[in-house]
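K.L.:
my questions are about this predicted structure, shown below with the sequence.
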Amino acid sequence: MTKQQDLISIIMPAYNASAFIKDSIESVLQQTYHNWELIVIDDGSTDDTVSIIKSFQDQDSRIIYHYQENQRLGAARNTGFRLATGTWIAFLDADDLWMSDKLEVQIDAAASHQIPLDVIFTSGYYLTGHEGELKPYDSLSGFYTGQDLYPVLMKHNYIPVLSVMMRQAFLMQIGWQDTTPIVYGNEDWDYWLRACRAGGIFLGLGQRLFKYRVHDNAMSAKRAAMLVASLYVICKNYHKALLSTDDQLYHQRMLQEKIPFIAKRALKTGLNSSVVGLLFMMLSISFPPAFMFKKKHG
């Protein structure tokens, strides 16, 4: 159970976010749950991001601004984790929006469960086009142990990062987000899998409590890099003991199909050590007996 007035630390990385950050901050200010701090990590912006944040700071002391040289998304969130003082950590990027009751619904859900929850997430909407059209963004719903959720998440990232509220003590147990360049764009998926392996207790809520803004130039459009990142996350978090035989075969076959792509990628990047390392991880999972024999006796 949790106290209804627990402090929630909201981590908002921002990089050249002047086009949308005003709306994102206002969606925090409109929350019906008031005991929060908003930590905005300016990750080396060169536009008007800082002036917009400062104008909000003048109105509300709960907004905290921190500048750092550009280190990308995972490092910005890690800086926010270090600065956070709340019992709970919530995630919101500088172009996304929350429904006004988002935090209240989640804090009430935490309070209503006898078993302490570590991660609470929700469904929401995609916000698309110039007219702001809303399309359903479905997540999972229900109560999950990490062991239950792990094989599900190994196939797809079903947890939208902007929906998550995570217990700070559990976050500290997991550690910081991965800042390896190869994982860029999938830091959150890696984090949820690590949370599963750490024995987290998850609750998915069916309410639609966020709006995820879709851009034509968003990182999700960079398909090749995102595919590499997703394969890295799968291989990094692959734990045979937590998967059924069918799930093991599924991942082995999927990785086998992607090996030619990663081999070409390794050559294209001049045998980049991270990509080459990923290739070896894929081989060891896809062909475990043969690969280990060759590695030992080759």
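P.N.:
Received it, and whenever you're ready, just let me know what you need. Numbers count the residues shown, from 1 in each chain.

K.L.:
okay, now the unreliable bits of the chain?
P.N.:
Scanning the chain for pLDDT under 70 picks out 1-4, 216-221, 289-298.

K.L.:
quick one: the strands in it?
P.N.:
8-14, 36-43, 63-68, 88-91, 97-98, 119-128, 133-137, 142-145, 165-167, 201-213 (DSSP state E).

K.L.:
distance check, the residue nearest in space to the middle of the chain against residue 67.
P.N.:
Nearest to the mean C-alpha position of the chain, counting by Cα atoms, centre = their mean, stands residue 188 at 2.1 Å. Residue 188 is 23 Å from residue 67, where distance means Cβ to Cβ, to the nearest Å. The way it works is simple: take the backbone N, C-alpha and C, and place the C-beta from them, glycine included.

K.L.:
for residue 41, same thing?
P.N.:
Counting by Cβ to Cβ - residue 41 and residue 67 are separated by 8 Å.

K.L.:
then residue 171?
P.N.:
Distance from residue 171 to residue 67, counting by Cβ to Cβ: 23 Å.

K.L.:
more neighbours, those two?
P.N.:
residue 171 (21 against 15; other Cβ atoms under 10 Å).

K.L.:
how about the nearest residue to the more buried one, chain neighbours excluded?
P.N.:
Of all residues not flanking residue 171 in the chain, residue 89 sits nearest, at 5.4 Å (Cβ to Cβ, 6 or more residues apart in numbering).

K.L.:
in the sheet, who's paired with that neighbour?
P.N.:
residue 9, residue 166 (DSSP bridges).

K.L.:
separation between it and residue 158?
P.N.:
According to Cβ to Cβ, residue 89 and residue 158 sit 19 Å apart.

K.L.:
burial measure for residue 22, as a count.
P.N.:
16.

K.L.:
what sits against it?
P.N.:
For residue 22, the residues meeting the contact criterion (Cβ atoms under 8 Å, 6 or more residues apart in numbering) are residue 52.

K.L.:
got it, and residue 119?
P.N.:
Residues in contact with residue 119, defined by Cβ under 8 Å, 6+ apart, are 159, 164-167, 170, 192, 195, 200-203.

K.L.:
with adjacent residues omitted, what lies nearest to it?
P.N.:
For residue 119, the spatially nearest residue (Cβ to Cβ, 6+ apart) is residue 202, at 4.7 Å.
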